[in-house]
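K.L.:
quick check, what structure comes out for this input:
(2 chains)
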Amino acid sequence: MKQLIAWFAFSCVSASAGTLFMGAYPNLLLVIDEDKGKVIDQIKLETGLPVNIRLSHDKKLLYIFTNDRSGFEVMDVATHKVLSHFVLNDATHRFRLQGAAPDPEGKLLYTTTTEFTKLVDRYEVGKAKYTIIDVAQQKITKTVEQPPEEPATPGAPGGAGGGGFRGGGFEVSPDGKYLYQFGSNVLVLKAEDFSEVEKIALERPEDPSMRELGLSIPQESLSDPNQRVSIFNYSDPIVHNRVFGLATFDLNKRRFDFKPIGPAPQSMAGMRISPDKKEAFTVITNGVGGNKRCEFWALDMGTSKITRTAEVPCRSRFTFGMSTNGKKLYLYGASFDIEVYDAKTFKLEATWDLGHDATMAGMIAIP
Amino acid sequence: MKHLKGLNRKARRIDDIVTSMGRPPSEQSMGGDDIVALQNQTQQRPHIPMGCALAFSPGWEVDSAGGTAGLCQPVERDIYDCYVTCFWPAQVPDHLNNYPDWAGKCATATKDWRNLDLVFP
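P.N.:
Down below sits the predicted model:
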């Protein structure tokens, strides 16, 4: 009987281990078991190199965007099977995609595209357009030209939560009526026609090597579907003192709740919130080049104060992630491995060799 | 252009000519230097051409500060992300337009870089 209880307890622990999904070279989606610290599955993508991964609102599907021919693949999270895949490019048309997000029903993908048309003697480069892609029809069903004052790529090139470098930080409101484009500004658009509803200005980060800045998006699988809590940079218009704080953005009401904390470091690598929403973590960077120094910061979500810090030997370029149970912190990117740190002590615990270089598609962590 | 410094005689002559052509009155009154008050200012960064390199001249890759200390170590760690999007100028083929299969046989550039395909532009 004791053995049975022990086996049951072990099974529960094993079942609680999360799963990480990461894009990898040359055309793979890696599935990593957090408990084992190993790659347990490699899913070959027919359409090419994954550059962006997004989780469906019901957390059952992954939408994988590939670079080679502007491809899309829909994968079932439970079975690791690719359900469908298609490409937008053809013999005379190429598309560049920037930012993409599924609607709550998983039927549409919202993105920004630039079309290149091959003519007899040249390529004609089109203007950036907001674009709707129908997953079932596997084609673009609507485009609206982007206003000229809006850059094709948002100021901070990428958001977290599977955004990757080309993620662009698109988000869809829980009711599916509004789109949020997170970058140097937060642009609120009507989902049906991409008309601008509101624009909220943000402070632009200084360090171009950091990707998850401005109003970064927490890990999708851990975040509240109705709000985004993130690090926010603020600068006063006179002395230009930069301050950082915690910003809570209500996706339904489109309102910010901003809690300033203190002087902003040179750059901050996004923020990850623990599953119990009591603690948040980030990696801050001061200095550049050989003088670059990084620190883990832990923030108390209740008091909005820094509770722990520790220096960490960061890479020249990295992405910051967190385990599904909030007990481990990950540094990855520009490499074939993940450095695993304990979230309490900030000590390096392990380095997981993935066997493949990770792409900038980011990491999707699913409990 | 104040952050550019002439390295040879021709460049210095150009600099002298430009200087002799006169500065805007606002700069003349201030001696041509920036006035730094009690405010945070963004550090002037070098101008780096974006995109994949057009010519093969290895060794000129620099970080965002214009040096090399900020580059990934070893550089092979960063080679793929330069290749895929031409996000940072480097001596790599471009993935999007001409060489989609360059890294097809090389899973880890740091370990397997010998498996990278040869490119003949």
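K.L.:
sketch out the low-pLDDT regions of chain B for me.
P.N.:
Chain B contains residues with pLDDT under 70 at B:1-3, B:22-60, B:87, B:121.
K.L.:
show me the helices in it, by range?
P.N.:
B:9-20, B:25-29, B:79-85, B:109-112 (DSSP state H).
K.L.:
deepest-packed of those helices, please.
P.N.:
Stretch with highest mean neighbour count among the helices of chain B: helix B:79-85 (a mean of 24; mean count of other C-beta atoms under 10 Å in any protein chain shown). C-beta here means a position set from N, CA and C on the backbone, and glycine is covered the same way.
K.L.:
about what we covered before: got the helices of chain B as CSV, with distance to chain A columns?
P.N.:
Below are the helices of chain B laid out as CSV (distance: least, C-beta to the nearest C-beta, whole Å):
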stretch, distance to chain A
helix B:9-20, 25
helix B:25-29, 21
helix B:79-85, 5
helix B:109-112, 6
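K.L.:
need these in TSV (columns: distance to A:Ala350).
P.N.:
As requested, the helices of chain B are arranged in TSV below (distance: least, C-beta to C-beta, whole Å):
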stretch	distance to A:Ala350
helix B:9-20	52
helix B:25-29	57
helix B:79-85	23
helix B:109-112	19
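K.L.:
so which of these comes closest to A:Ile53?
P.N.:
When the helices of chain B are ranked by proximity to A:Ile53, the top entry is helix B:79-85, at 14.6 Å, counting by C-beta to C-beta.
K.L.:
which residues touch that closest one?
P.N.:
Residues external to helix B:79-85 that are found in contact with it (C-beta atoms under 8 Å, 6 or more residues apart in numbering or on different chains): A:25, A:49, A:51, A:67, A:165-166, A:317, A:334, A:357, A:359-360, B:52, B:87-90, B:92-96, B:102-103, B:109, B:113.
K.L.:
which secondary structure element of chain A has the lowest mean pLDDT?
P.N.:
The least trusted helix or strand in chain A, going by mean pLDDT, DSSP states H and E, turns out to be helix A:2-16, with a mean of 48.
K.L.:
what's the first helix or strand after that one?
P.N.:
Remark: after helix A:2-16, the chain's next helix or strand is strand A:19-24, criterion DSSP states H and E.
K.L.:
run the chain-centre distance for that following strand.
P.N.:
In this view, strand A:19-24 has its centroid 12 Å away from the chain centroid, taken as C-alpha atoms, centre = their mean, to the nearest Å.
K.L.:
the closest residue to chain A within chain B and A:Ser70, how far apart?
P.N.:
Using C-beta to the nearest C-beta, the point where chain B gets nearest to chain A is B:Ala69, with a distance of 3.3 Å. When distance is defined by C-beta to C-beta, to the nearest Å, B:Ala69 is 36 Å away from A:Ser70.
K.L.:
near chain B, which residues of chain A are found?
P.N.:
Applying the criterion C-beta under 8 Å from any C-beta of the partner chain, the portion of chain A that neighbours chain B consists of A:24-27, A:48-49, A:51, A:67-68, A:96, A:157, A:165-166, A:206-209, A:239-242, A:288-292, A:315-317, A:334-336, A:355-357, A:359-360.
K.L.:
filter the residues you listed down to the ones in strands?
P.N.:
The strands, defined by DSSP state E, take in A:24, A:51, A:96, A:242, A:359-360 from the residues of chain A next to chain B.
K.L.:
buried subset of these, written for PyMOL?
P.N.:
Listed next is the PyMOL selection for buried residues among these, using 16 or more other C-beta atoms under 10 Å in any protein chain shown:
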select buried, chain A and resi 24+51+96+242+359+360
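K.L.:
can I get the ones in strands among the residues of chain A next to chain B in TSV including distance to A:Glu115?
P.N.:
As requested, those are arranged in TSV below (distance: C-beta to C-beta, whole Å):
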residue	distance to A:Glu115
A:Ala24	28
A:Val51	18
A:Arg96	8
A:Arg242	38
A:Thr359	23
A:Met360	23
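K.L.:
ok, the ones in strands among the residues of chain A next to chain B vs A:Ile40, which is closest?
P.N.:
Minimum distance to A:Ile40 across those is 13.5 Å, recorded for A:Ala24 (C-beta to C-beta).
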